[in-house]
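Visitor: 3D model of this:
(3 chains)
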Amino acid sequence: MLYRENGQFKTSYRSDQQIFPIRQDRWALLAILLVAFVVVPAFASDYMFRAILIPFVIMALAALGVNILVGYCGQISLGSGAFMAVGAYGAYNFFVRIPGMPLIPALILGGLCATVFGILFGLPSLRVRGLYLAVATLAAQFFADWMFLRIKWFTMDTPSGSVSVSNLQVFGLPIESATSKYLFCLGMLVVVALLAKNLVRSAIGREWMAIRDMDVAAAVIGIRPMYAKLSAFAVSSFIIGVAGALWAFVYLGAWEPAAFSVDMSFRLLFMVIIGGLGSIMGGFFGAAFIVVLPIFLNQFLPWFAALFGIAISTAGVSHAELMIFGALIVWFLIVEPHGLAKLWSTGKQKLRLWPFPH
Amino acid sequence: MKIMREPTHSGITAAPAADASTDRRTGDVILDVRNISLAFGGVKALTDISFDVREHEVRAIIGPNGAGKSSMLNCINGVYQPQQGSITFRGKTFAHMRSRQVAEMGIARTFQNLALFKGMSVLDNIMTGRNLHIRSNLFLQALRIGPAEREEIRHREVVERLIDFLEIQAYRKTPVGQLPYGLQKRVDLGRALAMEPQVLLLDEPMAGMNLEEKQDMCRFILDVNAEFGTTVVLIEHDMGVVMDISDRVVVLDYGKKIGDGSPDEVRSNPEVIRAYLGTSH
Amino acid sequence: MGFFLETLLGGLMTGMLYSLVALGFVLIFKASGVFNFAQGAMVLFAALAMARFAEWIPAWTGITNPVFANGAAFIIAGAIMFGVAWLVERLVLRHLVNQEAATLLMATLGITYFLEGVGQTFFGSNIYKIDVGMPKDPVIAFESTFQGGILINKEDLIAAIIAAALVALLSVFFQKTSTGRALRAVADDHQAAQSIGIPLNRMWVVVWCVAGVVALVAGMIWGSKLGVQFSLSTVALRALPVVILGGLTSVPGAILGGLIIGVGEKLSEVYIGPLVGGGIEIWFAYVLALAFLLVRPQGLFGEKIIDRV
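Guide: A predicted model of the protein is given here:
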C-alpha cells in the first residue's frame, strides 16, 4: 500500500528510462543521501568513522569496481588486490614526485595506472575462460606483490617498501579529521556509483552482460567480445585503483605492499558474491557485511565466552573469528547464493503487495 | 501488416498456392555455401555441403535429428570453423567467418536453446540487438547526457515498434525467464530483428509451440519477409510449416545433402522419404 | 653444466611435490566439478594433526618408539581427514549442487578459513616439526662425470619417490578397483553415473577422502621439509599454476605440469632472478602457466569445451 507504482504513468521514453522510475524509490534515495551526508557526521563518533564508516565507503567503491568485472561481465578475477595496489602506488608517485600535484588528479592518475595494468592483465580473458581465467588473474596479484616489494623506484627507495602521505587537502580544505575523510570518500563514492549505474544500464552494460550470459553467442548478435571484455577490465580496474588510492591515502595513511595482498582480493570477491553479483547495490551490502563482521565478532566473542566463564586469548579470538567467518560464508552461500541484493529485491516485491500476502 | 498467405482453419498443413509471385520476388543468390565439411575429432558433422540462398526467399533446411542443420547455421555464423569449404555472401567469399563480422554484414540468427538474458526484461533483451547500431562511446554513456541519451531513446523507439509487431507489449518489462517458452521464442526473434538484418537464420523457431503459437510465428516470419524483404533461412521439423511457407528446401541427413529444390520436389524425393520414414523390407 | 643439471633435478623434485598438491585439486574437480581452494588448508590441517598427534601419542601412551608414534599419528590424521571429507560433503556440497563456479569457489574459500581457524584452535599455531626420519643431508652423485659432482638433496629425492609411489597407487586404484571405476564414471558424466545407480553423494565423500589422504601425504612431506606452520596453507597457491597448466581435469596433466612448473621456477630463480632483484619464483610460475594457456586455453591435457549454440 505504501510502495506502489499505481498512478505513476510515464509519458515519454526518457522518463521511463530513469534510474529510479518509482517515486517512492527517489524519496528513499534522497533520505539515504541526507542521512549519509548530514545526519551521520553529526552523530557518529570518531571510532565509528575510523573503524566502520570510512572502510565501508572505500570498500563499497572497490566492490563496485569488482562487481562490474565479475558480476556484470562474468570474468572471475582474483587479482583485485593488485589493481588497488597499482592505484595506490601510482597515485603516490604522482602525488609525491610532482610538486604541487593536487589530490584528486593524483587519485585519478593512480586510477589510470590501474587501468593500464588492468587492460594488460585482462588480455588473457580474450583466450581463456572460467576457472582458468580466475587462476590466471592471480598472476597479476603476485606480479604486483613482487613489483612493489622489489622495484625500489615505486616506493621512493625506502628499504622496507613502506610509504606514507600526509597533508591531504582538496581545494584548500584539509582532509585530516575523521568527518572530512568520510565526506570526501563518500562524495567520490556517490559520483562513481552514479556513473557506474549509467554504464550498466546503457549499451555497454548490455554488452558486458551478453558476454557473461551468452559468451559465444554474444558475438553472433553483434557484440564485440574484445571491446566488451577489455572495457570491463578497464572500467573495473580504474574504479578499483581509485579505491586503492583512497584506501592508502585516506584510511591507512602509511602502508606497505602487504596491505594489498591476495587476502584483499579474496575479501573483495566475498563482498561481491555475498552482496549479490550483477547489482550495484549488492556491492554496498557486501561491503557493509564484510567490514562490520570482524568488528562485531571482536566485540561479541569475548563477551559471549565470558557468559560461559571461558576466557579467550586474543589469538583464540582471531582463530574463532576465522572459523565463524568461514562458516558464515558457507552458510550464506547455501541459503542465498544470489546474495543480499536478492533478499533485498524479494523484500521489495513483498513490500509492493503489503499488506496483502500475494 | 499484410499477410501473404493466411493459414486455413484446418491448420498449417495446406496445399501451397501456385506462386508466380515467388519467382518475381526472389532475387539473385545472396548467400552461397560451397563444399562445407565440418568434423569434431572423429565425428563428421557436415560432409561437402553446397547450396545457395536467393535474396528475399524463404529457404528451409530440414532433416532428421543430428543431421547437422544447426552445425550448418553455426558455420555460417562463425561459431564453428569448417575444415573445408567456403561461404560467399553478396559476392565476398570467406573460408572462415567471424561472428561479429557476420553480424555486421547483416546476418542475424535465433538460437535453438534461446540465448537470452533470463534475468532482464524483454525490452532490454531486444535492445541488445541494437548494439550493432549504437555509436556513442563509454564516456558519454557514463554521463548519460546529450547524444548518448538521445541515441538510447531513438533505439528505444525502434525496439518498441518491434515489440508492437511481435505483439508482446504486455510483457515488455517482465523478466524473460518468467515468460512461457513460446513468448521467449518471440523475444529471441525480436532480438534478431533488432539487428535489421538482410538474412535471418532461424533455428527451429516453432519448437515446442502449439498450433496457435505456430500460426502466429509463421505470420511474423512471412511479414518480415514481405515487409522488409528479409531473406529467411529456417531449420524446422514441422513439415506442414515447411511446405507451407518456404520457397525452396534443402534436406540434410547424417551431414550430407540428400535433397534440394521446391517443397513439392523434395517431398516426392525417394531419398528424403527413406531418410524420414525408412525403407520397407 | 653440472650446476645446471643440479638446478634441473632440484626443480624436478620440487615439481613432484607440487604435483602432489595439484593432484588433490584435480581429483576433486574431476569427480565433483568443485574447484577446491581449501586443498591448501587441508594440507595444513592434515600436517598439523599428524605433527601434534606424533607429539601427543608418546605423551599419552608412554610409547616413545618414533616409528609407532609417526605411524599412529598418520593413521589418526588420515581418519580425521576422512571425517573432514564426510562433513564437507554433508554440510556444504550437498546443498550447493548445481550452483555456479564462482559460488562453489567462494564456498571452498569459506571452508579454507574455517579449517585454518579450527586447526589453529585445536592444534595450536606455533611451528611444529614432523620427523619421519627423512635424511636431511645431501648426497653427491655423478662425481666422475661432472667436476665436483651434482648435489642431490636426499630428502627431496625420497619425497619425489613417495609422491611417485602415491601417484602409481592412485592409478591402480582408479583403474583396477570397482570404486575407482565408479569414480571415473562420475567424473565423466554425473547424470549418467547416477542413472546406473552410482550414489553420487557417497562417491563425493570417497573423492574428498582420497584428496584428504593426498593432502596428508603432501602435508607430511612439506611439513618435514619446512616445518608445519601457517604458511603451509599457501602451498596451495604455489600449486595452482600446476593445475591450470596441466588442465583442470587431468591427472597426467597435474604430474607433467608440476614438473614443468618446478623446473621453470628453479631455473628462473637461479638464472633470471638475480637480474631483476630476486624473488620472482611465485609469479613466474603463474606467468609460465598463463603463457601455456594462451596457446592451449584448456591446459595441456584439459578437456576442450565445445559450445553448442
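
Visitor: Tell me the residues of the stretch 151-300 of chain A that contact chain C?
Guide: Contacts of the stretch 151-300 of chain A with chain C, taken as C-beta under 8 Å from any C-beta of the partner chain, map to A:I151, A:D215, A:V216, A:A217, A:V220, A:V262, A:F266, A:L269, A:F270, A:I273, A:L277. Every C-beta, even on glycine, is put in place using the N, C-alpha and C of the backbone.

Visitor: Go through the residues you listed and flag which are in helices.
Guide: The helices, defined by DSSP state H, take in A:V216, A:A217, A:V220, A:V262, A:F266, A:L269, A:F270, A:I273 from those.

Visitor: need the residues you listed in TSV with distance to C:E6, pLDDT and neighbour count, can you?
Guide: Formatted as TSV, those follow (distance: C-beta to C-beta, whole Å; pLDDT from 0 to 100; neighbours: other C-beta atoms under 10 Å in any protein chain shown):
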residue	distance to C:E6	pLDDT	neighbour count
A:V216	48	77	21
A:A217	53	80	21
A:V220	54	87	29
A:V262	32	88	18
A:F266	37	90	18
A:L269	41	90	24
A:F270	43	88	24
A:I273	46	87	29
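
Visitor: what two of these have the greatest distance between them?
Guide: Comparing all pairs in these by C-beta to C-beta, the longest separation belongs to A:V220 and A:V262, at 36.8 Å.

Visitor: before we move on, the earlier item: what subset of the ones in helices among the residues of the stretch 151-300 of chain A next to chain C is also close to chain B?
Guide: Applying C-beta under 8 Å from any C-beta to those, one finds that A:V216, A:A217, A:V220 fall near chain B.

Visitor: Would you confirm that the last one contacts B:M97?
Guide: No. Taking contacts as C-beta atoms under 8 Å, A:V220 lies outside contact range of B:M97: 10.2 Å.

Visitor: where do the contact lists of those two overlap?
Guide: Each of B:N77, B:G78 lies in contact with both A:V220 and B:M97 under the rule C-beta atoms under 8 Å, 6 or more residues apart in numbering or on different chains.

Visitor: residues touching the residue lying closest to C:F74 once chain neighbours are set aside, list them.
Guide: Nearest residue to C:F74 in three dimensions, chain neighbours excluded: C:M50, at 6.0 Å (C-beta to C-beta, 6 or more residues apart in numbering or on different chains). Shown in contact with C:M50 (C-beta under 8 Å, 6+ apart): C:N70, C:A73, C:F74, C:I76, C:A77, C:I130, C:L216, C:G219, C:M220, C:G223.

Visitor: Sort out which one of the residues you listed lies nearest chain B for me.
Guide: C:L216 (38.8 Å; C-beta to the nearest C-beta).

Visitor: still on that earlier bit, so of the contacts of C:M50, which ones are in helices?
Guide: Using DSSP H, those in helices are C:N70, C:A73, C:F74, C:I76, C:A77, C:L216, C:G219, C:M220, C:G223.

Visitor: Those residues, buried ones only, as a ChimeraX selection?
Guide: Entered in ChimeraX, the line below selects the buried ones among the ones in helices among the contacts of C:M50, by 16 or more other C-beta atoms under 10 Å in any protein chain shown:
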select /C:70,73,74,76,77,216,219,220,223
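
Visitor: Mind putting the ones in helices among the contacts of C:M50 into JSON lines with pLDDT?
Guide: Output for these, formatted as JSON lines (pLDDT from 0 to 100):
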{"residue": "C:N70", "pLDDT": "81"}
{"residue": "C:A73", "pLDDT": "85"}
{"residue": "C:F74", "pLDDT": "87"}
{"residue": "C:I76", "pLDDT": "88"}
{"residue": "C:A77", "pLDDT": "88"}
{"residue": "C:L216", "pLDDT": "89"}
{"residue": "C:G219", "pLDDT": "85"}
{"residue": "C:M220", "pLDDT": "85"}
{"residue": "C:G223", "pLDDT": "80"}
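
Visitor: what's the closest of the ones in helices among the contacts of C:M50 to chain A?
Guide: Nearest to chain A among those is C:G219, at 18.7 Å by C-beta to the nearest C-beta.

Visitor: could you measure the residue nearest to that closest one when sequence neighbours are not counted against chain A, distance?
Guide: If the residues on either side of it in the chain are set aside, C:G219 comes closest to C:A47, at 3.1 Å by C-beta to C-beta, 6+ apart. If you measure C:A47 against chain A using C-beta to the nearest C-beta, to the nearest Å, the figure is 17 Å.

Visitor: and if you look at C:A192?
Guide: Separation of C:A192 from chain A (C-beta to the nearest C-beta) stands at 23 Å.

Visitor: name the element the spatially closest residue to that residue that is not a sequence neighbour belongs to?
Guide: Nearest non-adjacent residue to C:A192, counting by C-beta to C-beta, 6+ apart: C:A185, 7.1 Å away. Here C:A185 sits within helix C:178-188, counting by DSSP states H and E.

Visitor: and that helix, C-alpha only, in CSV?
Guide: As requested, C-alpha coordinates have been extracted for helix C:178-188 and formatted as CSV (Å, rounded to 0.1, in the frame of the first residue of the first chain):
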residue,chain,number,x,y,z
SER,C,178,35.3,-51.0,-8.8
THR,C,179,35.2,-47.9,-6.6
GLY,C,180,37.8,-46.4,-8.9
ARG,C,181,35.7,-47.3,-11.9
ALA,C,182,32.7,-45.7,-10.4
LEU,C,183,34.7,-42.5,-9.7
ARG,C,184,35.8,-42.4,-13.3
ALA,C,185,32.1,-42.7,-14.3
VAL,C,186,31.1,-39.9,-12.0
ALA,C,187,33.9,-37.7,-13.3
ASP,C,188,32.8,-38.3,-16.9
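
Visitor: For the helix or strand that comes right after it, name the packing helices and strands.
Guide: Next along the chain after helix C:178-188, taking DSSP H and E as the criterion, comes helix C:190-195. When contacts are defined as 3 or more C-beta pairs under 8 Å, 6 or more residues apart in numbering or on different chains; DSSP states H and E, helix C:190-195 sits against helix C:178-188, helix C:200-226.

Visitor: Distance of B:E160 relative to chain A?
Guide: Computed as C-beta to the nearest C-beta, the B:E160 to chain A distance reads 8 Å.

Visitor: list the buried ones in the helix or strand that residue falls within?
Guide: Here B:E160, judged by DSSP H and E, is contained in helix B:147-165. Across helix B:147-165, burial judged by 16+ other C-beta under 10 Å covers B:A148, B:E149, B:E151, B:E152, B:H155, B:R156, B:V158, B:V159, B:L162, B:I163, B:F165.

Visitor: any idea of the angle the helix holding C:A185 forms with helix C:200-226?
Guide: 100 degrees (axes from the mean of the first three to the mean of the last three C-alpha atoms, to 10 degrees).

Visitor: Below-threshold pLDDT in the stretch 101-250 of chain C: ranges please.
Guide: Flagging of the stretch 101-250 of chain C using pLDDT under 70 yields the residue ranges C:133-136, C:141-150, C:233.

Visitor: ugh, wrong one, chain B
Guide: B:1-24, B:277-281.

Visitor: Let me see the domain layout of it.
Guide: Following automatic domain parsing, one finds the domains of chain B at B:21-106+B:197-281, B:118-196.

Visitor: Of these, give the one that comes closest to chain C.
Guide: Nearest to chain C, of these and by C-beta to the nearest C-beta, is domain B:21-106+B:197-281 at 5.3 Å.
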